[in-house]
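> sequence first, then the predicted structure, then my questions.
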Amino acid sequence: MLGSVEKIRRFGLALCVAGGLVATANASAETKMVKAMPSATTQYSFTALPDDPFISNPSNYDNTPTSINNSNIIVGSENGQSYILVQPDYYAPITNSTGFITATGLSNGAAPIVTGSLLDFGVHAGFVRTNGTLFVVVYPGTTISTSLSSVNANGIAVGSYIDSAKVSHALRYNNTDGTIRTLSISHPGLSGSAALGINDHDVIVGSVSITAGNNSSHTYGFFGSGDSFTIVTFADTIYSSIEFNGINNKGIAVGSAVSNGVTHGLLYDTTTNMAHILDAPLISSGTTITGINDTGAIVGFYPVSNGKGGNNTVGFVAYP
């Protein structure tokens, strides 16, 4: 059943700490500079997602889809309610009896695995949900929170944890044997990292924060696997930050790039080092791409005015 949690299995300690080996991957990241190519908007057909019928007050919705698999099933949340959307409009809620839950990752396969974060008896934890069982995961040691952003068909999830010094660290978690490790991505000035996407070949993408000599901090994307990672920056100085949110099995990463305070959708080919800016048509307030499947279908969101001095978030799916 997609709409309920049948069983919770906790690892190790009462605080839901993941069991198994905790290892650190000693990775020395190289840096690639990429030039943004002209917009690819004309190659995609964008459709705004319908309202989730399970939420209240849909007229003021904030719909944030975060992943799409090869069956075109979408996972995300709207007004704090997590969902699985079987297109075109069948929503199945994802719930947790112990507290707040946010679903962010969805695997390929006949029985998709879901990942995300939840509040479990006061603990900010990550979770993996497979075959009706919810596995609650907290990184061992003194941590403030753990989240799992994405999962592949092999049950390998990635995410991040925040330590007692309030520093974010990218992590990799194996739901089969319960092992968890930090992805230690080395780079001068690196002050934080988060793994946000993984494909079925175990290629991981995410973001790193790097502090320059003038104490200014910038966000850049990264990709890699095993102990080898590459940090991606723009050669164009108009882009102040990059973030990769997802990657498909063809090596195409998606995310966002910020220029003059406006967020633009981003497609990046990890094999050719080519990038394209991809914005939703007629939207000048910003576009963020959060997921991509092997056919190139993408999901994401953009803000629109709510007429009250603020914005609502419109989720979209787009097909090439």
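It's in.
> for the most centrally placed residue in the chain, what are its contacts?
Centroid-nearest residue in the chain: residue 196, 4.0 Å away (criterion: C-alpha atoms, centre = their mean). Contacts for residue 196 were tallied using C-beta atoms under 8 Å, 6 or more residues apart in numbering; they are 149-150, 158-159, 205-207, 243-246, 255. Any C-beta I mention is one placed from the backbone N, CA and C, and that applies to glycine too.
> switch to 6 Å and redo it
Neighbouring residues of residue 196 by C-beta atoms under 6 Å, 6 or more residues apart in numbering: 149, 206, 245.
> show me the contacts for residue 109.
Contact partners of residue 109, counting by C-beta under 6 Å, 6+ apart, are residue 153.
> just to revisit the earlier point, for the contacts of residue 196, which single residue is the most surrounded?
For these, the largest number of neighbours (other C-beta atoms under 10 Å) sits with residue 206, at 32 neighbours.
> which SSE is it in?
Using DSSP states H and E, residue 206 sits in strand 204-211.
> and that strand, how far out from the chain's middle?
12 Å (C-alpha atoms, centre = their mean, to the nearest Å).
> what comes into contact with the helix or strand just after it?
Scanning forward in sequence from strand 204-211 by DSSP H and E, the next helix or strand is strand 217-225. For strand 217-225, contacts defined as C-beta under 6 Å, 6+ apart pick out 202-203, 205-211, 229-233, 241-244, 270.
> for strand 217-225, what is the distance to the chain centroid?
For strand 217-225, the distance to the chain centre is 13 Å (C-alpha atoms, centre = their mean).
> list the buried residues of it.
Across strand 217-225, burial judged by 16 or more other C-beta atoms under 10 Å covers 218-225.
> hey, where'd the strands end up in the stretch 201-320 of the chain?
204-211, 217-225, 228-234, 239-247, 252-259, 262-269, 274-277, 288-292, 298-305, 311-319 (DSSP state E, counting those that start in this stretch).
> buried residues in the third one?
Neighbour counts over strand 228-234 (16+ other C-beta under 10 Å) mark 229-234 as buried.
> in this protein, which spans are helices?
Read by DSSP state H, the chain holds no helices at all.
> pLDDT below threshold where in it?
Low-confidence segments of the chain (pLDDT under 70): 1-42, 52-61, 87-90, 96-99, 213-215, 306-310.
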